[in-house]
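1. when you get a sec, could you give me coordinates for this:
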Amino acid sequence: MDAKEIQELLKLVSRLELSEFKMKDGEFELQIRTKYFGKGGQQILVPSLQATLPTAIPAASTPASVETPTPVATPTPQAAAASTPSPAPTAGGDESRYKAIKSPIVGTFYRSAGPDKPPFVKVGDSISAGSVVCIVEAMKLFNEIESDLSGTVVKVLVDDAQPVEYDQVLFLVDPK
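-> As a prediction, the model looks like this:
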């Protein structure tokens, strides 16, 4: 099963509003679970994907590149608070004192609520814990991403409308 087929399955599970889907094809196993949680009464769908690939793939059937799906974890308040380690320093300056705001899900990053709307945050803006900093769209659901720390935004690391991975650093914040 390739990545495109898995994406189609994710769309189907979402459209049918299934809470759990399991599939086995030989040694390949796929399990998709969805959980709904909300902030202020808003319903948000967060899929969780697990796949088990065969341990040995015959050489004749091995494609040039084998893609494995990236699991999507359900964020918890405890995990969000603990997921702010400092990034490694870079040659451009000492960025080790900055804290990271990371993506809790896989999807498409948007800096604003719409094309004609201003960005939620810009470099130099002061933010507080709970401030909405961006939107990550996953499976046609727009998830507001809130900061779990306070400080000043010093760097935006993702361009608008770009795909992001789980736990990818989106912003660097000076906590002072």
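2. drop to CA atoms for contacts and neighbour counts, all remaining ones
-> Fine.
3. quick one: name whatever helix or strand follows the helix or strand of the chain with the lowest mean pLDDT.
-> Lowest by mean pLDDT, DSSP states H and E among the helices and strands of the chain is helix 77-82, with a mean of 40. Next along the chain after helix 77-82, taking DSSP states H and E as the criterion, comes strand 99-102.
4. just checking: what are the partner strands of that next one?
-> Here strand 99-102 has these sheet partners by DSSP bridges: strand 169-174 (antiparallel).
5. for the strand it pairs with, give me every contacting residue.
-> 97-103, 150-158 (CA atoms under 8 Å, 6 or more residues apart in numbering).
6. report the backbone C-alpha coordinates of the helix ranked longest in the chain in PDB.
-> Counting by DSSP state H, the longest helix found in the chain is helix 3-16. Below are the C-alpha coordinates for helix 3-16, written out as PDB (Å, rounded to 0.1, in the frame of the first residue of the first chain):
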ATOM      1  CA  ALA A   3       1.100   6.800   0.600                       C
ATOM      2  CA  LYS A   4      -1.600   7.900  -1.900                       C
ATOM      3  CA  GLU A   5      -3.800   4.900  -1.000                       C
ATOM      4  CA  ILE A   6      -3.400   5.600   2.700                       C
ATOM      5  CA  GLN A   7      -4.400   9.200   2.100                       C
ATOM      6  CA  GLU A   8      -7.500   8.000   0.300                       C
ATOM      7  CA  LEU A   9      -8.300   5.800   3.200                       C
ATOM      8  CA  LEU A  10      -7.900   8.700   5.700                       C
ATOM      9  CA  LYS A  11     -10.300  10.800   3.600                       C
ATOM     10  CA  LEU A  12     -12.800   7.900   3.500                       C
ATOM     11  CA  VAL A  13     -12.600   7.400   7.300                       C
ATOM     12  CA  SER A  14     -13.100  11.100   7.800                       C
ATOM     13  CA  ARG A  15     -16.000  11.300   5.400                       C
ATOM     14  CA  LEU A  16     -17.800   8.300   7.000                       C
END
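7. let me know the average pLDDT across it.
-> Average pLDDT, helix 3-16: 75.
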